[in-house]
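Engineer: What would the 3D arrangement of this be:
(2 chains)
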Amino acid sequence: MPQPDLWRTTTFRLTLVLGGVFTAGIVALLGLIYWSTASYLVVQMDQIVIGQARGLEAIPPEALPAMITATEREDVRGVNYYGLFGPNGTWVAGNVRRLPPSVIVDGRPRELKEKGFQPGARALAERLPWGEVLFVGFDAKTLSGVRRILERSLIVSGALIFIIGLGLSAAVSLDPLRRVRQIQRASEPILAGDVSARLPISARQDELDMLASIANRMMDEVERLLWQVKSVGDHVAHDLRTPLNRLRALLYRMRQDRPELDADAGPLDQALQETDTLLARFKAIQRIGEIDRRERRAGFGAVRLDELLEELAAFFEPLAEDRGVDLQLHVHETRETLADRELLFEAVGNLVANATKFTPPGGSIQLALTCSRRGPAIEVIDNGPGVPEDERQAVFERFYRGRAALGTPGSGLGLSIVAAIARLHGFRLRLADAGPGLRVTLECWPADG
Amino acid sequence: MTSILAIEDDEATAREIVSELTSHGFHVEWVADGREGLIRATSKRFDAITLDRMLPGIDGLTIVTILRNANIHTPVLMISALTQVDERVRGLRAGGDDYLTKPFASEEMAARLEVLLRRQGAPARETILRVGGLELDLVTREARFGGSDARLLPTEFKLLEFLMRNAGQLLTRTMIFESVWGYYFDPGTNLVDVHLGRLRRKLEALGAPPLIQTVRGAGYTLRAAA
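Structural biologist: Numbering: from 1, shown residues only, chains lettered A, B, ... in the order given. A predicted model of the protein is given here:
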């Protein structure tokens, strides 16, 4: 399952996009302010330049240089440019020593593009009636000041918006992310096969909750259907057992009433035997359902596996001896294992019963307790025909009987019961080739994943 | 006459219980309701009770709990459709003496009830069990017949003890497996047979007559040779 990533959450991305749009808006706003201020200032500066030129025009030619010098002195800010040039372009007065070449002498204010002036500065030049050229300029200090202020605001606010936006996106994404992780954790048992688990739903009723509740409704349906499928078999088994028991009771009574029949092969005895076989199979089907439905760990306790195997060996030894099979037990003391003792006895008993059934007379069965780093394992090894590789999965299914089992009595349910018990414990059951024969290993530690 | 109270709400099952137990020579009273059953069980003496786990009115677990609290120790065979092992444990812990799951073979039900009736009567203090010349020493765990004796393996001892304590009584394979080995699943038919066969051979080696008899289609019984 992919790990939920902070940077990938919808909330985080949305917040980030919003932050971007906001920043763009601020840039546009500041740009607009700058542009309007600039055009406003251009008009202002032009009027200042024209006004000053008008004031100076009116001064008589002989007093003009002194007037310019005086005016310059008043300009503490240093924003005004003045220049008075002779008809041949020689400097007469003012702080501009040379008429900038780009200036057109027509009395209209224009932007000063020469070096040495601030960008955006405005100036005009006009020819005075007596032939001299008057140059009046106004530096764009205000404009560049405004621009600097706007630039700084832009950088500071941009950085703030970026940092705050990032932090905010992360903060608002954390909660949905936490809940997604919660949902992920809650879904793990479902993926592991526990269809009764459900996703958590908060009181907020937001879109995550809606999705979770949709998923939960789906799980309800899945569970109901699974339950139905499972219980059909159980119900059939249960419902058929009642009439079968009555049938058996009838046959039994008929048999009791005819004590003179002594031969085992009589049709009545055969009918009784067949009924018993049927009943045993239905019981086995019900047993699988019962184990599957069983509350996990209800009957769990600390089990000494070595003692369990000793008991099993004692239980099966007469049967093995009857069949001419050598049952060998290899155990050593181990620490206790958390398990349902009775079910484990049933499971391993089934394995040993199978081994006894399929091992030819003269063969041997090893019932062994092995220990690995991860925990103890129970092994049942026979030297019978074994189970071919392609059948090893199928033999755990209900009613499946291997090719080697043809011709032997049995229902094909024993290993399904073993598998159900292993499933309940979370233990793994492995079949392998014992060359020749079958090696069944029940790993008595919870298999992860 | 031995009288049995059957508390069972399912009519078909009840009819089966009544007819089976009547054929065993018992007098059976049938009650379909839990409350009525409790009243009957407390007001009159019965030798044994079959009690359905799930009943209208008061359920079986409650009935058996009330009976035991009221110091009424009539043997109770609990009958239930609940097959889970923990259900059995709950039933027995509440004071039931045996637990049988539905559907059941009626002769198995009768056999279990007879074992309960016998357990009630027999004193548990003896140290030697005797049936038809065969002796089982509960202290030394030896079987004796005539002058010869044999040491028994733990399982063989438990098996013979169960058979002898219930001598003359039909014991099904399930009952034997549950009592001797203490497990409650179906071990397959012939495992119990094999153990009994081995015990039989051991007893015959002592020179004892064939005391353990196979009851065809039902189980075993140990009885003194007629």
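Engineer: buried sites along stretch B:211-221?
Structural biologist: Neighbour-count burial for stretch B:211-221 flags B:Leu211, B:Ile212, B:Val215, B:Arg216, B:Gly217, B:Ala218, B:Gly219, B:Tyr220, B:Thr221 (criterion: 16 or more other CB atoms under 10 Å in any protein chain shown). To be clear about C-beta, it is placed using only N, CA and C from the backbone, and glycine gets the same treatment.
Engineer: Next, the distance between the ends of that stretch.
Structural biologist: 8 Å (CA to CA, to the nearest Å).
Engineer: which residues of chain B score low on pLDDT?
Structural biologist: Scanning chain B for pLDDT under 70 picks out the ranges B:83-85, B:120-124, B:189, B:226.
Engineer: Can you name the residues of chain B that neighbour chain A?
Structural biologist: B:12, B:16, B:20, B:83-86, B:102-107, B:153-155, B:181, B:183-191, B:194-195, B:197-198, B:216-218 (CB under 8 Å from any CB of the partner chain).
Engineer: Show me the helices in the chain, by range?
Structural biologist: With no chain named, the answer covers chain A. A:10-57, A:64-74, A:141-191, A:207-257, A:267-293, A:305-322, A:341-358, A:414-425 (DSSP state H).
Engineer: I was after chain B.
Structural biologist: Under DSSP H, chain B gives helices at B:11-23, B:34-43, B:60-69, B:85-93, B:106-121, B:154-165, B:173-176, B:189-205.
Engineer: Pipe the ones you listed into TSV and attach distance to A:Glu443 and mean neighbour count per row.
Structural biologist: Formatted as TSV, those follow (distance: least, CB to CB, whole Å; neighbours: other CB atoms under 10 Å in any protein chain shown):
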stretch	distance to A:Glu443	mean neighbour count
helix B:11-23	43	17
helix B:34-43	47	17
helix B:60-69	38	19
helix B:85-93	24	17
helix B:106-121	38	20
helix B:154-165	29	20
helix B:173-176	31	21
helix B:189-205	26	18
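Engineer: what's the closest of the ones you listed to A:Leu30?
Structural biologist: helix B:85-93 (75.4 Å; CB to CB).
Engineer: Would you mind pulling the contact partners of that closest one?
Structural biologist: Here helix B:85-93 makes contact (CB atoms under 8 Å, 6 or more residues apart in numbering or on different chains) with A:295, A:298-299, A:342, B:53, B:60-61, B:64, B:78, B:80, B:98-99, B:101, B:184.
Engineer: for stretch B:131-150, same thing?
Structural biologist: B:126-130, B:151-152, B:154, B:157, B:160-161, B:164, B:167, B:202-203, B:205-209, B:211, B:222-225.
Engineer: For that stretch, what is the spacing between the initial and final residues?
Structural biologist: OK, stretch B:131-150 end separation, CA to CA: 16 Å.
Engineer: Determine how far that stretch lies from the middle of the whole chain.
Structural biologist: 24 Å (CA atoms, centre = their mean, to the nearest Å).
Engineer: Flag every buried residue along stretch A:73-90.
Structural biologist: Applying 16+ other CB under 10 Å to stretch A:73-90 flags A:Val79, A:Asn80, A:Tyr81, A:Tyr82, A:Gly83, A:Leu84, A:Phe85 as buried.
Engineer: Which of those sits closest to B:Asn69?
Structural biologist: A:Val79 (109.6 Å).
Engineer: Does that closest one touch A:Leu143 like I think?
Structural biologist: No. In this structure, A:Val79 is not within contact of A:Leu143 by CB atoms under 8 Å, at 10.6 Å.
Engineer: Where does pLDDT dip in chain A?
Structural biologist: For chain A (pLDDT under 70), the answer is A:1-4, A:261-265, A:295-298, A:403-411, A:448-449.
Engineer: interface residues of it facing chain B?
Structural biologist: Counting by CB under 8 Å from any CB, chain A sits next to chain B at A:238, A:241-242, A:244-246, A:248-249, A:251-252, A:255, A:269, A:272, A:276, A:280, A:283-284, A:286-287, A:290, A:293-295, A:298-299, A:314-316, A:318-319, A:322, A:342, A:345-346, A:349, A:353.
Engineer: Now, of these, which are buried?
Structural biologist: By neighbour count, with 16+ other CB under 10 Å, the residues of chain A next to chain B hold A:238, A:241-242, A:244-245, A:248-249, A:251-252, A:255, A:269, A:272, A:276, A:283-284, A:286-287, A:290, A:294, A:299, A:314-316, A:318-319, A:342, A:345-346, A:349, A:353 as buried.
Engineer: Next one: B:Arg15 from A:Ala249, what distance?
Structural biologist: 12 Å (CB to CB, to the nearest Å).
Engineer: Can you give me every residue that contacts A:Gly299?
Structural biologist: A:Asp340, A:Arg341, A:Glu342, A:Leu343, B:Val85, B:Asp86.
Engineer: Quick one: residues contacting the residue nearest to the second one when sequence neighbours are not counted.
Structural biologist: This points to A:Arg341. Of all residues not flanking A:Arg341 in the chain, A:Val303 sits nearest, at 4.8 Å (CB to CB, 6 or more residues apart in numbering or on different chains). The neighbours of A:Val303, taking CB under 8 Å, 6+ apart as the test, are A:Glu336, A:Thr337, A:Leu338, A:Ala339, A:Asp340, A:Arg341, A:Leu344.
Engineer: Mind doing that once more with 6 Å?
Structural biologist: A:Thr337, A:Ala339, A:Arg341 (CB atoms under 6 Å, 6 or more residues apart in numbering or on different chains).
Engineer: Show me what the first one bridges to in the sheet.
Structural biologist: Beta bridges link A:Thr337 to A:Val303 when assigned by DSSP bridges.
Engineer: wait, what's in contact with it?
Structural biologist: A:Val303, A:Leu305, A:Cys444.
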